[in-house]
Every structure is written in C-alpha cells, then in structure tokens.
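Student: generate a structure from the sequence data that follows.
(one chain, ligands or ions: 1)
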Amino acid sequence: MDNLTNNSSNDMHLPLALGIGAEGRVFANVAGAILPPGITAIVTPRQTHTCNVAVVTSPDQSFPDTDSLVTRCPDIAVGVRTADCVPILLHAPDIKAVAAIHAGWKGTAGKIVGNTIEKLVSLGADPGYIHAAIGPCVCGDCYIVNEEMIELFENAGLGDCVRRQGFNHDTGDRIEDGKPRLDLQEANMIIMRGHGIRQENIKTTSFCTMHYHDFSPSDNQKRYPFPSWRRTPGTTDRLLTIACLLTP
Ligand SMILES: [Zn+2]
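Tutor: Got it, this is the predicted structure:
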C-alpha cells in the first residue's frame, strides 16, 4: 500500500507502515513483507468499540476494552483490525510516538481520535507536527445509517459528515434516494482538525472496503481486496493496519 505510506523525506523517522491481509495470515505476511529489522512485535488491542486509549511500553501487555494504542518503543508496532470501520495512524515526530486507532461509528462519534491526540499531547507532542493517515473504510456513499445515528453525529458537532445522497461506483450514477449516510473518514478529519492537526498533514485513501473491487484476469469475476462486514456479514476477515517508528 505504497499510496498510504507516509515517507516524509525530512523526517528522521519514517513513521507509517501499512499492512493488509486476512487475520491469521497477516502477521506473517506483514512481518515478512513490510516490517523492518528491529520490529519485534505487533501489539493490537482487544477492540470493543470503546473510546479508550492506552500506551504500549512492552510487547507482553494486553489491552482489554481498548481501541487505540500509542507507543514510543522503537521495536514495537501498534495495530488495529477493521472491516469497514476506520483505521487511523498518527505520528508525532517531536516525541517519536506513533498511534493506531480503530474508529467505527461509535468510536468516531465518541471522538477516539481526539482522545488519542490528547494522549500524545499529554506526552509532550505538538499537534501541529502530527501526521495522520486514514486507511480503507466504508465510504460515505455506501454507509447508509438510521436517523438516530444522524442525530448522534449532528449533536457531536459532526453534521458536515452527513450525506443524503450517494453515488453508484459501478455505473457512475448519482443515487438520490434521500437515505441518510455518514462519511466516517470526513468525520474523523473534522475531529483531527479540531484538535490542531493540519489538513495537509492528513493522508487519505479513496479505497472503500465495501464497494472497491478489481477483476480476476482468469474469469473476469469481481475481487474485493478488503474485508467488509456490511458486504459480507459474519466475516471474520480483518484488515490489519499498523504503525511503527522506522529509524533509517
Ligand atoms: Zn463505498
């Protein structure tokens, strides 16, 4: 996922790495393909759609009811698992810290990314230096919700992420069905900007876990590279998104 890798050339640390695969296979794949020498562990929390943030100081720790991890350990990668929810990575170069955040609708409305920025600030970070990357998640065209969720987001000051129409990415047609939709990527960018992260320091992807696909060259069937709970209810596949400090 080179388009999601933040390789700011003037950083002493190359902050953000991204790995993709199904749960169970991804660790080996990531470790072999992406993780650099020196990274000894990927630490992931036991995600339960909370807004809780924890700091990792040892690979042996466990993190129940936690959906965001921060670390300053140069040998540890932090990661989150998603299937439509929003994976967010942060890098605070001034304190040499990274974070990985799982933000579904609950975590987004509860502003877990804001909690994480506040944690980094409490460790000494200046938000003006923080870089962020948002990985593949369900897009604002595909994420149809109910009116109660719309009200929740509007009450949370996130009304600008509410949509009332969509876009059919297969046909290119507008969908003017009036159904309420949420753009979770936009919501998290609103929160990040509100906490002092510069828009130009936020990298995003246009990949939607629900609709994005390519075609098999052998039989021309659709192939979906990202796991999606809404497209495949009950799936146990997850996208693993990781952040680590890379010292050249
Ligand atoms: Zn979509």
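
Student: list the buried residues for stretch 127-135?
Tutor: Buried positions in stretch 127-135, judged by neighbour count with 16 or more other C-beta atoms under 10 Å: 127, 129-135. (C-beta placed from N, C-alpha, C; glycine too.)

Student: helix or strand right after the strand or helix carrying residue 150?
Tutor: Element membership for residue 150, per DSSP states H and E: helix 147-155. Past helix 147-155, further along toward the C-terminus, the next helix or strand under DSSP H and E is strand 162-163.

Student: give me the low-pLDDT residue ranges for the protein?
Tutor: Low-confidence segments of the chain, defined by pLDDT under 70, span residues 1-37, 247-248.

Student: what does it put close to the ion?
Tutor: The chain comes close to the ion at residues 139, 142, 208, 210-211, as judged by C-beta under 5 Å from the ion.

Student: go again using 8 Å as the cut-off
Tutor: Those residues of the chain that sit near the ion, judged by C-beta under 8 Å from the ion, are 138-143, 169, 208-212.

Student: which of those residues has the largest number of neighbours?
Tutor: Tallying neighbours with other C-beta atoms under 10 Å puts residue 138 at the head of those, with 29 neighbours.

Student: distance of the residue nearest to that residue when sequence neighbours are not counted relative to residue 153?
Tutor: Taking C-beta to C-beta, 6 or more residues apart in numbering as the measure, residue 138 lies nearest to residue 84, with 4.1 Å between them; neighbours along the chain are not counted. Taking C-beta to C-beta, to the nearest Å as the measure, residue 84 falls 16 Å from residue 153.

Student: try residue 137
Tutor: 15 Å.

Student: is it correct that residue 56 is in contact with residue 69?
Tutor: Yes: taking contacts as C-beta atoms under 8 Å, residue 56 lies within contact range of residue 69: 5.3 Å.

Student: joint contacts of the two?
Tutor: Both residue 56 and residue 69 are contacted by 43, 63, 78, under the criterion C-beta atoms under 8 Å, 6 or more residues apart in numbering.

Student: list phi and psi for the residue nearest the centre of the chain.
Tutor: Among the residues of the chain, the one closest to the centroid is residue 87, at 1.3 Å (C-alpha atoms, centre = their mean). The phi/psi pair for residue 87 (degrees, to the nearest 10) reads phi -90, psi 130.

Student: the one 10 residues further on now?
Tutor: Main-chain torsions, residue 97, degrees, to the nearest 10: phi -130, psi 150.

Student: what number of residues lie near it?
Tutor: Taking other C-beta under 10 Å as the criterion, the count of residues near residue 97 is 25.

Student: name whatever forms a beta bridge with it.
Tutor: Listed beta-bridge partners, residue 97: residue 92 (assigned using DSSP bridges).

Student: quick check: it vs the ion, distance?
Tutor: From residue 97 across to the ion, the span is 32 Å (C-beta to the ion, to the nearest Å).

Student: distance of that residue from residue 197?
Tutor: Distance of residue 97 to residue 197, given as C-beta to C-beta: 14 Å.
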